[in-house]
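Colleague: Predicted structure and sequence below. I'll ask about it afterward.
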Amino acid sequence: MADGVQILTSAQIRATESAAMGSGGTTGAQLMERAGAAVAGQIRLRWPQPRRVLVLCGPGNNGGDGIVIARRLHEAGWPVEVLALPEGPAPDAALMRRRCPVPVRPLGEAAWPAAPAPLIVDALFGTGLARGLGPDLAALLARAGETAAEVVAVDGPSGLCLDSGRVLGSVPVLPATLTVTFDSLRPGHLLDAGAALCGRVLVADIGISSFRPQPAQLVRIEDASLLAPRLSKAGGGHKYAHGHLVVIASGAGQGGAARLAARAGLRVGAGLVTLGPSRDAMAEHAAPPDALMRRALDSAEDLATLLSDDRIAALCLGPGCGVSRAGALLRVALEWRRPLVLDADALTALSQRPELRSLVHPGCVLTPHGGEFARLWPDIAARLAAPAERGPAFSRLDAARAAAVDLGCSVLLKGPDTVIAAPDGAAAIHAAQDLGWLATAGAGDVLAGLISGLMARGLEPFKAASAGVLLHAAAARRAGPGLIADDLPEALPAVLAGLGA
Ligand SMILES: NC(=O)C1=CN([C@@H]2O[C@H](COP(=O)(O)OP(=O)(O)OC[C@H]3O[C@@H](n4cnc5c(N)ncnc54)[C@H](OP(=O)(O)O)[C@@H]3O)[C@@H](O)[C@H]2O)[C@@H](O)CC1
Ligand SMILES: [K+]
């Protein structure tokens, strides 16, 4: 498992809540009170001056939280209006409605305020969302969205599936300025459309964390400082002790993507990196850094000979390699059965060579973007592309996990919401929606180099993939807008120094 913050699915948070209540230490009503109080507290911190607030409540416990928020804000002197859907079978929410000092009016066209409130609390549906919003509700929320009010979502924007980050049905949801969720993040806060729709996400501690399932199966990786002990070279040692990475490069005239990967491998601390172009491309791959070693590799036999040196610790195949060259070298790379990153052209080559799929092993990390993923796993990609009608909807996390199980290797599905999945079910999400400038040519090649460099240093595949993604993002943050991929390896020394590695 990677180091990170535990993420719980809707089913897991329900189980955690049940375990907390089952322990006898707390009741559902107490948890609802804590949840509502936390949201009301955040609202008052963010907007210290009372303002008109419209609280929209659903039939279940999400709506119950909304009622607590309304009461708390009312008690603090805020002008509060509450509109609610008819009650469902949720006894704690019903109790809160009975205790509410503010009139609870039926949510609908007739009761909708003529003058829009500047703040809307969306407590319609949370983890219990089962399907898309009905057309009447969607129309009301669309109207609310037009008033440019600030929106605070309780647990998440209603209509957003908190397990997948996908909007259920084909109805728009009301984007939130602020989302306050409870105990832990849900996958949907980070994945897909969720990241943009949730706005700023805060996690309120409601006192149930000791009842979470263990060990954590899903984490958010966000804190690069956790990497420092793993990346430290404090023990010293020979260059071979830090791993020898081989990066396969292209034939003549196919560009320098592999050099970016190799440079990243060096910068992340592999003891040696050998770049392997074809013989006729040796001259064009002779450019700096001079720390790189070169070795001509024309054929699968040449690669097999090189890999028979058991000091070689990891291999990176794909960046700037060319699909046919990657295809020609793929079998030997897989039969080596040691740490291997397959990226870019190697993924396309693998999708064209189904007979090689059974050779993929747990020491492999595959790093597809969405297009490469769809070529390798068209059935899984089709499930992801199908409309999301019911919750929990099939997610990018489900897709990466299914792919990891299918090939028995770690899979890193790239995107602004990168998902990393191991074949044993462990998974991590890295959300970098703020790093739009990282979507630049060659950035993926650098990532492949980082991961394979870390694998050469001995990190196991899932951890190397997680650490590589973190370092990649940290380097992009340091380089800032305007970066080109070449800047990423150059930013690494400062990133690593900042981590105390
Ligand atoms: N877990 C915790 O630790 C804590 C959780 N807490 C809170 O509880 C929330 C979860 O509560 P919940 O389980 O009652 O589900 P919730 O989201 O209120 O919705 C369920 C209701 O909505 C209905 N419904 C669903 N979709 C619909 C649709 N499209 N259109 C119309 N109706 C639809 C559904 O009806 P049904 O599908 O059965 O027909 C059912 O009646 C959670 O998000 C958090 O805020 C805190 O209070 C305390 C700590
Ligand atoms: K909500």
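Modeller: Now that the structure is in, tell me what you want to look at. Ligands and ions are numbered 1, 2, ... in the order given.
Colleague: And stretch 411-429, what's buried?
Modeller: Under the neighbour-count criterion of 16 or more other CB atoms under 10 Å, stretch 411-429 has 411-423, 426-429 buried. For glycine as for every other residue, the C-beta is placed from the backbone atoms N, C-alpha and C.
Colleague: And that stretch, end to end?
Modeller: Distance between the two ends of stretch 411-429: 12 Å, counting by CA to CA, to the nearest Å.
Colleague: Just say helix, strand or coil for L412.
Modeller: Three-state assignment for L412 (DSSP: H, G, I helix; E, B strand; the rest coil): strand.
Colleague: Show me what it is bridged to.
Modeller: I420 (DSSP bridges).
Colleague: hang on, it packs against H369?
Modeller: No. Counting by CB atoms under 8 Å, L412 does not reach H369; the two are 9.8 Å apart.
Colleague: residues shared between the contacts of those two?
Modeller: Shared contacts of L412 and H369, defined by CB atoms under 8 Å, 6 or more residues apart in numbering, are absent.
Colleague: for the stretch 301-450 of the chain, what spans make up the helices?
Modeller: Applying DSSP state H, counting those that start in this stretch to the stretch 301-450 of the chain gives helices spanning 323-335, 344-352, 370-376, 378-385, 396-407, 443-456.
Colleague: can you give me how far the second one is from the chain middle?
Modeller: The chain centroid and the centroid of helix 344-352 are separated by 24 Å, computed with CA atoms, centre = their mean, to the nearest Å.
Colleague: tell me which residues of that helix are tucked away?
Modeller: Using 16+ other CB under 10 Å as the test for burial, helix 344-352 gives A344, D345, A346, L347, T348, A349, L350, S351.
Colleague: mind checking how far the fifth one is from ligand 2?
Modeller: If I follow you right, that is T348. 42 Å (CB to the ion, to the nearest Å).
Colleague: And the fourth one, by the same measure?
Modeller: Relative to ligand 2, L347 is positioned 38 Å away (criterion: CB to the ion).
Colleague: ok now do that residue, which residues does it touch?
Modeller: G318, L366, T367, P368, E372, R375, L376.
Colleague: Equivalent analysis for the third one, please.
Modeller: In this structure, A346 makes contact with L317, G318, C321, A326, L330, A333, judged by CB under 8 Å, 6+ apart.
Colleague: switch to 6 Å and redo it
Modeller: By CB atoms under 6 Å, 6 or more residues apart in numbering, the contact list for A346 reads L317, G318, A326.
Colleague: List, out of the buried residues of stretch 411-429, those positioned next to ligand 2.
Modeller: Near ligand 2, judged by CB under 5 Å from the ion, there are no entries from those.
Colleague: rewinding a little: out of the contacts of L347, grab the one that's most surrounded.
Modeller: Among these, G318 has the most neighbours (other CB atoms under 10 Å), with 33 neighbours.
Colleague: now the nearest residue to that one once chain neighbours are set aside: how far from G237?
Modeller: Excluding the flanking residues, the one nearest G318 by CB to CB, 6 or more residues apart in numbering is A346, at 3.3 Å. Applying CB to CB, to the nearest Å, the value for A346 to G237 is 31 Å.
Colleague: give me the element P493 is part of.
Modeller: helix 487-499 (DSSP states H and E).
Colleague: those strands in the stretch 251-400 of the chain, which residues are they?
Modeller: With strands called from DSSP state E, counting those that start in this stretch, the stretch 251-400 of the chain shows them at 272-276, 293-294, 312-317, 340-342, 364-366.
Colleague: Give me the contact list for stretch 315-329.
Modeller: Contacting residues not belonging to stretch 315-329 are listed as 246-248, 250-251, 254-255, 257-258, 261, 300, 303, 333, 340-346, 348-349, 445, 448, 452 [CB under 6 Å, 6+ apart].
Colleague: Can you go through those and name the buried ones?
Modeller: For the contacts of stretch 315-329, a burial check counting by 16+ other CB under 10 Å picks out 246-248, 250-251, 254-255, 257-258, 261, 303, 333, 340-346, 348-349, 445, 448, 452.
Colleague: Could you show which parts of the stretch 301-450 of the chain are in contact with ligand 2?
Modeller: So the stretch 301-450 of the chain never meets ligand 2 (CB under 5 Å from the ion).
Colleague: Residue of the stretch 301-450 of the chain closest to ligand 2, please.
Modeller: Here the stretch 301-450 of the chain gets closest to ligand 2 at one residue, G391, 12.9 Å apart by CB to the ion.
Colleague: just checking, that residue touches R131?
Modeller: No. G391 sits out of contact with R131 when judged by CB atoms under 6 Å, with a separation of 7.0 Å.
Colleague: any shared contact partners between those two?
Modeller: Common contact partners of G391 and R131 (CB under 6 Å, 6+ apart): L168.
Colleague: Who has more neighbours out of those two?
Modeller: G391 (21 against 14).
Colleague: Close to ligand 1: what parts of the chain are there?
Modeller: Neighbours of ligand 1 within the chain, by CB under 6 Å from any ligand atom: 13-14, 17, 31-32, 35, 58-65, 88, 90, 125-134, 154-155, 182-183, 206, 208.
Colleague: related to what we said a few turns ago, could you dump the contacts of L347 into a markdown table and include distance to A291?
Modeller: What follows is the contacts of L347, written out as a markdown table (distance: CB to CB, whole Å):
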| residue | distance to A291 |
| --- | --- |
| G318 | 22 |
| L366 | 28 |
| T367 | 24 |
| P368 | 30 |
| E372 | 30 |
| R375 | 35 |
| L376 | 34 |
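Colleague: wait, which of the residues you listed is closest to ligand 1?
Modeller: P368 (32.9 Å; CB to the nearest ligand atom).
Colleague: Before we move on, what's the pLDDT of the nearest residue to the closest one once chain neighbours are set aside?
Modeller: What sits nearest to P368 in space, not counting adjacent residues and going by CB to CB, 6+ apart, is L347, at 5.2 Å. Listed pLDDT for L347 reads 98.
Colleague: Check the one 4 residues further on too.
Modeller: pLDDT for S351: 98.
Colleague: Spit out the contact partners of it.
Modeller: Counted by CB under 6 Å, 6+ apart, S351 has contacts R375, L376.
Colleague: Check A138 too.
Modeller: Here A138 is in contact with V171 (CB under 6 Å, 6+ apart).
Colleague: what helix or strand is it on?
Modeller: A138 belongs to helix 135-146, assigned by DSSP H and E.
Colleague: Give me the phi and psi angles of P59.
Modeller: phi -80, psi -20 (degrees, to the nearest 10).
Colleague: To what extent is the residue nearest to it when sequence neighbours are not counted buried, counted in neighbours?
Modeller: The spatial neighbour of P59 that comes closest, neighbours along the chain excluded (CB to CB, 6+ apart), is G88 at 3.3 Å. The number of residues packed near G88 is 14, by other CB under 10 Å.
Colleague: I figured G88 was touching G60, is that so?
Modeller: Yes. The pair G88 / G60 is scored as a contact, 5.2 Å apart, by CB under 6 Å.
Colleague: Do a quick rundown of the helices in the stretch 51-200 of the chain.
Modeller: 61-75, 91-99, 135-146, 194-198.
Colleague: Name the next helix or strand following the last one along the chain.
Modeller: Sequence-wise, the next helix or strand downstream of helix 194-198 (DSSP H and E) is strand 200-204.
Colleague: By mean pLDDT, flag the weakest helix or strand of the chain.
Modeller: helix 228-231 (a mean of 75; mean pLDDT, DSSP states H and E).
Colleague: Show me what the following helix or strand past that one is packed up against.
Modeller: As assigned by DSSP H and E, the chain's next helix or strand after helix 228-231 is strand 244-248. Packing contacts for strand 244-248, counted by 3 or more CB pairs under 6 Å, 6 or more residues apart in numbering; DSSP states H and E, involve helix 257-267, strand 272-276, strand 312-317, helix 443-456.
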